[in-house]
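>>> with the sequence up front, the predicted model follows.
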Amino acid sequence: MKKIRVLIIDDERAARSEIRRLLAGYPDIEIAGEAVNVDDALKMIQEQKPELLFLDIQMPEKSGFDLLESLEEVPLVIFTTAYDQYALKAFEVSALDYLVKPIREERFEKAIIQARQRLGKTDPTGQIFVKDRQQYHFIQWSSVHLIESMDNYARIFFGDKNVFLKSSLNQLEEKLNSTIFFRINRAQIINRQYIQTITTMDGRLKITISTGAQLEVSERQSAKFRQWAAGK
DNA sequence: TTGATACAATTAACTCGGGG
DNA sequence: CCCCGAGTTAATTGTATCAA
């Protein structure tokens, strides 16, 4: 069985060893390391590429949220916090799970089971963590149907929401899985899994995505799009 | 020192028309 | 359907500026 590699991030020694102790009962989980602050965690994540984080939210200097925001690829996250669930709800974060300290064993097991399930489902696109105004979002790339350029930023549409990301379309295009995402013109990237209909009006391709939005593919990209669509 | 904002320069992408 | 060229548009990047 493939082991799940986890990283424990907490400024308090006691909290880290508590998680270590709880994890001892799970042979399929391997502790890739411990970090005591966000900067250390950043380094370790880049080196170790853990699949799961146990992340404390409140830490001196930078918070757990700050850490996630600065990551290009965000692993699964189980927040560990002294806040109660209701206080956390205020953040509107939809994490894999929250564990409120002190952590009960049954509760911990539940979280682990969820993590196993999520890791079992292969999600090829991964997720990002974005703050938009007062809201934090975990965004699965697979849930993103449209990305539009807005000045130097990108507006990412997912579900019925959208957020700004401090990144240009070019940068996103490079990093995104090109088998799923396609640049239909210089201002828009679409997720091809959300394409509903493709029509052609005097040579121009028009795509309707599942939100009902009608998008025009530029002439140049139309040619590439045909190739790409044929490629699969 | 950082971060946000503004503007100008660059350049890729765009449209349109004309031919294979 | 595809390619080419000329002229236009706008996304992106770099530089400057100002506030915290």
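Sure, I can see it. Numbering: from 1, shown residues only, chains lettered A, B, ... in the order given.

>>> that's a strand at A:F54, yeah?
Yes - counting by DSSP: H, G, I helix; E, B strand; the rest coil, A:F54 falls inside a strand.

>>> so what's the residue count around it?
Residues lying near A:F54 (other Cβ atoms under 10 Å) number 30. In this view, the C-beta of every residue, glycine as well, is placed from N, C-alpha and C.

>>> which one is it nearest to, not counting chain neighbours?
A:I8 (4.8 Å; Cβ to Cβ, 6 or more residues apart in numbering).

>>> domains in chain A, by residue range?
Following automatic domain parsing, one finds the domains of chain A at A:4-122, A:135-231.

>>> lowest-confidence helix or strand of chain A?
Using mean pLDDT, DSSP states H and E, the weakest-scoring helix or strand in chain A turns out to be helix A:85-89, at a mean of 57.

>>> give me the next element, helix or strand, following that one.
Note on helix A:85-89: by DSSP states H and E, the next helix or strand toward the C-terminus is strand A:97-100.

>>> next helix or strand past that following strand?
Counting by DSSP H and E, what follows strand A:97-100 is helix A:105-120.

>>> helix or strand right after that next one?
strand A:127-132.

>>> not counting that following strand itself, show me its contacts.
Residues outside strand A:127-132 that contact it (Cβ atoms under 8 Å, 6 or more residues apart in numbering): A:65, A:68-69, A:71-74, A:77, A:136-141, A:156, A:163-165.

>>> quick one: check that strand for contact with DNA strand B.
No - using Cβ under 7 Å from any atom of the strand, strand A:127-132 stays clear of DNA strand B, coming no nearer than 10.2 Å.

>>> what mean pLDDT does that strand have?
Mean pLDDT, computed over strand A:127-132, is 84.

>>> what do you get for stretch A:169-180?
80.

>>> near DNA strand C at all, that stretch?
Yes - counting by Cβ under 7 Å from any atom of the strand, DNA strand C has neighbours in stretch A:169-180: A:169-171.

>>> what sits against the residue in chain A that DNA strand C sits nearest to?
At 3.0 Å from DNA strand C, A:L169 is the closest residue in chain A, using Cβ to the nearest atom of the strand. With contact taken as Cβ under 8 Å, 6+ apart, A:L169 is in contact with A:147-149, A:154, A:183, A:186-189.

>>> now the closest residue in space to A:V38 that isn't next to it in sequence: which helix or strand?
What sits nearest to A:V38 in space, not counting adjacent residues and going by Cβ to Cβ, 6+ apart, is A:K62, at 3.8 Å. Under the criterion DSSP H and E, no helix or strand holds A:K62.

>>> tally of neighbours for A:K62?
Residues lying near A:K62 (other Cβ under 10 Å) number 15.

>>> doesn't A:A35 make contact with it?
No - the criterion here is Cβ atoms under 8 Å, and A:K62 misses it with A:A35 at 11.5 Å.

>>> read off the pLDDT value for the closest residue to A:D66 other than its chain neighbours.
Nearest residue to A:D66, sequence neighbours excluded (Cβ to Cβ, 6+ apart): A:V38, at 5.8 Å. A:V38 carries a pLDDT score of 90 in this model.

>>> thank you kindly, that will do.
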